[in-house]
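Q: quick one, fold the following:
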Amino acid sequence: MADVAERAGVSVSTVSRTLRGLTTVSPEVRARVERAARELDFAASRHAASLVTGRTGNVAVLVPTLSSWFVGAALSGLGLVLRAAGLELTVYVIPDMAERRAFFEHLPARRNADALLVFSFDLTEEETRRLDKLGMPVVYVSQHVDGRPSVYVDDVAGALRGTRHLLNLGHRRIAYVQTVGTGGFSFSSQERLVGYRQALTEAGIPLDEDLVVATPAGDKRGAAEAVGRLLGLREPPTAVFAEQDEVAVAVIWTLRATGIEVPGQVSVVGFDDQPVAQWFDLTTVAQSPSRIGREAGELALSLIDDPGADRERHLVLPTQVIPRATTAPPPAPRSAPDPRPPSP
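A: Residues are numbered from 1 along each chain as shown. Now for the predicted structure:
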């Protein structure tokens, strides 16, 4: 910094104020300092700056996986916001319960970030209390946590709209396929099931628990077994609402493999609008994880800049039904054979 100050003809403190972006430096002096810094290939030490500002210039993110379409798209949106603000991103991947316990025991983000964003974790009360004590803003992403800043879509309303779409087409036997075995990392599963049930109740259709089946996440055989249970019912469904697009695609693959036409005999709706939904021309309930990431980043920045801001702010983003080629009215019921003998 002393070298930059000498070349620019200013004091070291002026260089410091310029590189920290303070508005007390005139445009002419700022231009001289920035030009001198470029000529000398000077890069400010983030650690040294943090000693002055009390900030690390870093935002931490806690995610259950990096292989998820949703997480990848949300992190991409978040990264755009943080880069524009000159902040770096540290990602903590917690793929199983053992690493999750270790994270909450040691809380490594405590000393290394200005804010923490928590993606899609079904937290216990104790884990939530631990995060409350971090001494930094904590934003919950793709989940609603009472009394804490959250950015999410209304999964109940989204599933309700998707089920209504099938009801409006005339379907009355509508199955629901959900995922299991996520180990406390999927927050929206039960909320989407609530929306499905709410739509049926609203339409005056009795709930039939035989129409709710489960499959392990990402398990093609498990999806096939779930479809088999539905097809084995005395009165099989004419439509299926799947908790995720990937599950919906597995359902379609199984139905078509057994000679059942989609949507001619069974309609299928997914949730998310992943790229695979467009490839399969899948009717789905769309959300935008990229926008969720951007909005979560903006909310985190506002809380970093203004620690006294509303810490209970909730931002609920919309979903919409995207009708495509996997939904249609149910097939006409087969007429019973005439028991009377043919006329002579």
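Q: spatially nearest residue to Ser288 (excluding sequence neighbours)?
A: Spatial nearest neighbour of Ser288, excluding adjacent residues (C-beta to C-beta, 6 or more residues apart in numbering): Leu317 at 7.0 Å. Quick note: C-beta positions are derived from backbone N, CA and C, even for glycine.
Q: what is the one you found paired to in the beta sheet?
A: Val153 (DSSP bridges).
Q: with Ser67 as the reference, measure out to it.
A: Leu317 sits 23 Å away from Ser67, going by C-beta to C-beta, to the nearest Å.
Q: with neighbour numbers in mind, choose between these two.
A: Using other C-beta atoms under 10 Å, the more surrounded residue of Leu317 and Ser67 is Leu317, with 15 against 10.
Q: close enough to count as contact, that one and Tyr152?
A: Yes. Contact status for Leu317 versus Tyr152: in contact at 7.2 Å, counting by C-beta atoms under 8 Å.
Q: one step back: which residues touch the residue nearest to Ser288?
A: For Leu317, the contact set (C-beta atoms under 8 Å, 6 or more residues apart in numbering) comprises 151-153, 287-288, 291-292, 295.
Q: cool, and Phe103?
A: When contacts are counted by C-beta under 8 Å, 6+ apart, Phe103 touches 62, 92, 94.
Q: can you do 7 Å?
A: By C-beta atoms under 7 Å, 6 or more residues apart in numbering, the contact set of Phe103 is 92, 94.
Q: please apply the same query to Val194.
A: Residues in contact with Val194 (C-beta under 7 Å, 6+ apart) are Val156.
Q: switch the cut-off to 8 Å
A: 156, 159.
Q: so it, which of the three states?
A: helix (DSSP: H, G, I helix; E, B strand; the rest coil).
Q: just give me the closest of the contacts of Leu317 to Gly9.
A: Checking the contacts of Leu317 against Gly9 with C-beta to C-beta, the nearest one is Glu295 at 43.7 Å.
Q: measure that closest one to Pro149 for me?
A: In terms of C-beta to C-beta, Glu295 sits 11 Å off from Pro149.
Q: what's the overlap in contacts for Leu317 and Tyr152?
A: Listed as contacting both Leu317 and Tyr152 by C-beta under 8 Å, 6+ apart are Ile292.
Q: from one end of stretch 263-272 to the other, what's the distance?
A: Stretch 263-272 has an end-to-end distance of 19 Å (criterion: C-alpha to C-alpha, to the nearest Å).
Q: for it, what is the average pLDDT?
A: Mean pLDDT, stretch 263-272: 97.
Q: got the residue ranges for the strands in this protein?
A: Assigned by DSSP state E, the strands in the chain fall at 58-63, 88-93, 115-119, 138-141, 150-153, 174-180, 212-216, 239-242, 267-272, 283-286, 314-317, 320-322.
Q: point out the one among those that comes closest to Trp253.
A: Nearest to Trp253 among the strands of the chain is strand 267-272; the distance by C-beta to C-beta comes to 10.3 Å.
Q: how far out from the middle of the chain is that closest one?
A: How far strand 267-272 lies from its chain's middle: 17 Å, per C-alpha atoms, centre = their mean, to the nearest Å.
Q: got the contact list for that strand?
A: Residues outside strand 267-272 that contact it (C-beta under 8 Å, 6+ apart): 69-70, 158-159, 162-163, 165-166, 169, 171, 192, 238-249, 251-252, 255, 262, 277, 282-287, 321, 326-328, 330.
Q: so which residues of the stretch 51-200 of the chain form helices?
A: 69-84, 97-106, 125-132, 155-168, 189-202 (DSSP state H, counting those that start in this stretch).
Q: tell me the angle of the fourth one relative to strand 267-272?
A: Just to be clear, that refers to helix 155-168. Counting by axes from the mean of the first three to the mean of the last three C-alpha atoms, to 10 degrees, helix 155-168 lies at 160 degrees to strand 267-272.
Q: repeat that for the last one.
A: Taking the same axes, to 10 degrees, one finds helix 189-202 and strand 267-272 inclined to each other by 140 degrees.
Q: buried residues in helix 189-202?
A: 189, 191-193, 195-200 (16 or more other C-beta atoms under 10 Å).
Q: about what we covered before: okay if I get the strands of the chain as a markdown table plus distance to Gly9?
A: Shown next, in a markdown table, are the strands of the chain (distance: least, C-beta to C-beta, whole Å):
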| stretch | distance to Gly9 |
| --- | --- |
| strand 58-63 | 33 |
| strand 88-93 | 32 |
| strand 115-119 | 38 |
| strand 138-141 | 43 |
| strand 150-153 | 47 |
| strand 174-180 | 64 |
| strand 212-216 | 67 |
| strand 239-242 | 67 |
| strand 267-272 | 57 |
| strand 283-286 | 57 |
| strand 314-317 | 47 |
| strand 320-322 | 58 |
